[in-house]
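J.: Any chance you can model this:
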Amino acid sequence: MSDEPVIFEEVGTRNGRRIGFARLNAEKALNALNPAMIAALQPQLAAWAEDPAIACVVLHGSGDKAFCAGGDVIATYNAIREADGGRSEFCEQFFEQEYRLDYRIHTYPKPLLVWGHGIVMGGGLGMMVGASHRVVTEASRIAMPEITIGLYPDVAGTWFLNRMPSRVGLFLGLTAAHMNAADALYTSLADYFITVEQRAAVFSALSDVEWDDDPELNRGHLSMLLRGFADPVREQRPRSNVLEHIDFIDHVTDRHSVGGILEAMRSAAPDDKWLATATQNLADGSPTSARVIFEQFRRGKYLSLKQVFQRELNMSVQCTRRHDFPEGVRALLVDKDRNPRWDPPTIDAVDDALVAAHFEPPEGLEHSPLADLPEPF
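T.: Below you'll find the model as predicted:
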């Protein structure tokens with residue numbers, strides 16, 4: 001077993017080109033994204049992008065439980081504690097490098113396939129959503145659970161939550177509701193449902209494609225290949241909780257405040273387990289995060305992808321310098337008492353100035369470190 005953070009492999013094709021495979025290699029940690037993984041992925045993706053022999057890139061996770069369960073928030077928590085309420089260079093660098101990686105995936109010049117099997121949350125979704133081809137399976141479990149730890153849906157959440165049907169993105173961001181493969185297809189987080197037993201066959205079939213020199217033609221070749229695997233198993237898709245409850249989602253998100261949304265959800269008293277869990281997640285989550293997420297959705301509608309990552313870097317660093325993020329990580333993942341002491345403790349107690357401060361450049365980052373991100377076209 002290799003101890004490398006990411007396992008890279010190149011496989012030849014029938015017409016002499018190659019497929020680049022990158023496998024996240026932290027199975028016991030559910031392939032949680034850490035600085036070593038980011039540092040390995042960035043130069044390799046850049047090299048493959050420039051290599052004319054590489055026709056397609058595949059990103060997947062080790063083991064059968066997760067593609068990637070999120071970013072390494074425990075390392076972030078430890079860095080915040082060491083900074084003792086001050087500026088943490090580790091946190092700033094981690095978020096910056098994570099967002100640079102996500103942006104590269106969003107703007108990758110060649111077809112990039114992410115096999116989103118198992119748990120895909122937080123930072124894992126940030127990698128998957130930007131790929132040109134996203135596959136989910138019957139075991140995919142997807143969520144943006146940041147409200148439960150005092151954060152917000154980052155990794156371009158501002159971008160993709162605003163591009164979901166109606167106000168589904170707002171609902172999912174506020175409630176940390178879990179999604180299955182059918183939900184991912186409906187919300188445009190994924191493109192193809194393929195059963196997990198076909199993974200080896202899909203990866204093998206990539207070598208039989210008559211790849212071209214033109215990346216755009218190659219995207220089409222990959223699409224046709226994946227469609228050939230997806231169509232025969234359409235009937236095996238799970239039912240979509242999001243689509244099944246779209247009327248409820250539309251109804252409660254008609255309210256123009258977080259408090260109003262929570263009141264509407266509680267008043268409806270849903271007996272459906274998925275809706276009941278979503279309601280409880282909003283009620284128990286960080287009140288500050290709830291207010292910030294509402295504003296994130298409202299303010300982010302017309303931002304470009306580059307502007308999204310620049311703003312989210314500000315927001316994430318602001319969270320590291322405040323109370324709720326480290327407290328949420330402590331309660332859920334460190335001490336595991338599941339009893340976070342939020343401050344302020346209620347939605348009504350969160351004032352507008354605190355919310356607005358999350359969208360301002362933090363001290364020391366007045367000039368965005370992500371200002372040099374290239375425009376995609």
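
J.: and the closest residue to Cys56 other than its chain neighbours, how many neighbours?
T.: Closest residue to Cys56 in three dimensions, ignoring its sequence neighbours and counting by C-beta to C-beta, 6 or more residues apart in numbering: Pro111, at 4.7 Å. (Glycine included, C-beta is placed from N, CA and C.) Other residues near Pro111 come to 24 when the count uses other C-beta atoms under 10 Å.

J.: Just confirm Pro111 contacts Arg219, I think it does.
T.: Yes - with the criterion set as C-beta atoms under 8 Å, Pro111 and Arg219 qualify as a contacting pair; they are 4.6 Å apart.

J.: Could I get the average pLDDT for the biggest helix by length in the chain?
T.: Taking DSSP state H as the assignment, the helix of the chain that covers the most residues is helix 89-106. Within the predicted structure, the mean pLDDT of helix 89-106 is 97.

J.: swap in stretch 362-369?
T.: Stretch 362-369 shows an average pLDDT of 94 in the prediction.

J.: How far off centre is that stretch?
T.: Its chain's C-alpha centre lies 24 Å from the corresponding centre of stretch 362-369 when counted by C-alpha atoms, centre = their mean, to the nearest Å.

J.: Quick one: end-to-end distance for it.
T.: End-to-end distance of stretch 362-369: 12 Å, with C-alpha to C-alpha, to the nearest Å as the criterion.

J.: List the buried residues in that stretch.
T.: Pro362, Leu365, Ser368, Pro369 (16 or more other C-beta atoms under 10 Å).

J.: Need the residues that contact it.
T.: Counting contacts by C-beta atoms under 8 Å, 6 or more residues apart in numbering, the residues outside stretch 362-369 that touch it are Arg87, Glu92, Glu96, Gln310, Leu313, Asn314, Val317, Gln318, Arg321, Pro361.

J.: Adding distance to Ala190, secondary structure and neighbour count, write those residues out as a markdown table.
T.: Formatted as a markdown table, the entries for the contacts of stretch 362-369 read as follows, by distance: C-beta to C-beta, whole Å; DSSP: H, G, I helix; E, B strand; the rest coil; neighbours: other C-beta atoms under 10 Å:
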| residue | distance to Ala190 | secondary structure | neighbour count |
| --- | --- | --- | --- |
| Arg87 | 38 | coil | 14 |
| Glu92 | 31 | helix | 19 |
| Glu96 | 27 | helix | 19 |
| Gln310 | 26 | helix | 20 |
| Leu313 | 26 | helix | 23 |
| Asn314 | 29 | helix | 20 |
| Val317 | 30 | helix | 22 |
| Gln318 | 31 | helix | 20 |
| Arg321 | 34 | coil | 18 |
| Pro361 | 34 | coil | 15 |
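
J.: Touching, Arg237 and Ala184? I think so.
T.: No - counting by C-beta under 8 Å, no contact exists between Arg237 and Ala184, whose distance comes to 10.3 Å.

J.: related to what we said a few turns ago, quick one, whichever helix or strand comes after the longest helix of the chain and helix 89-106 angle?
T.: Remark: after helix 89-106, the chain's next helix or strand is strand 112-116, criterion DSSP states H and E. Counting by axes from the mean of the first three to the mean of the last three C-alpha atoms, to 10 degrees, strand 112-116 lies at 110 degrees to helix 89-106.

J.: who does the helix or strand following strand 112-116 pair up with?
T.: Once the chain leaves strand 112-116, the next helix or strand it forms, by DSSP H and E, is strand 119-121. With DSSP bridges as the criterion, the sheet partners recorded for strand 119-121 are strand 66-68 (parallel), strand 141-143 (parallel).

J.: most packed of the ones you listed?
T.: Per-residue neighbour counts averaged over each of those give the maximum for strand 66-68, namely a mean of 28 (mean count of other C-beta atoms under 10 Å).

J.: got a list of contacts for it?
T.: 24, 30-33, 60-61, 114-121, 123-124, 127-128.

J.: any idea of the mean pLDDT for that strand?
T.: Mean pLDDT, computed over strand 66-68, is 98.

J.: by contact count, what packs against whichever helix or strand comes after that strand?
T.: Past strand 66-68, heading to the C-terminal end, the next element that is a helix or strand (DSSP H and E) is helix 73-83. Applying 3 or more C-beta pairs under 8 Å, 6 or more residues apart in numbering; DSSP states H and E, we find helix 73-83 packed against helix 89-106, helix 305-320, helix 324-329.

J.: Nearest to Pro153, out of the ones you listed?
T.: Proximity to Pro153, assessed across those by C-beta to C-beta, is greatest for helix 305-320 (9.1 Å).

J.: how far is the closest one from where the chain is centred?
T.: Remark: helix 305-320 is offset 14 Å from the chain centroid, using C-alpha atoms, centre = their mean.

J.: Measure how that helix sits relative to helix 89-106, angle-wise.
T.: Regarding helix 305-320 and helix 89-106, their directions subtend 160 degrees when assessed with the same axes, to 10 degrees.

J.: Where does pLDDT dip in the chain?
T.: Using pLDDT under 70 as the threshold, the predicted model of the chain has low-confidence ranges 1, 377.
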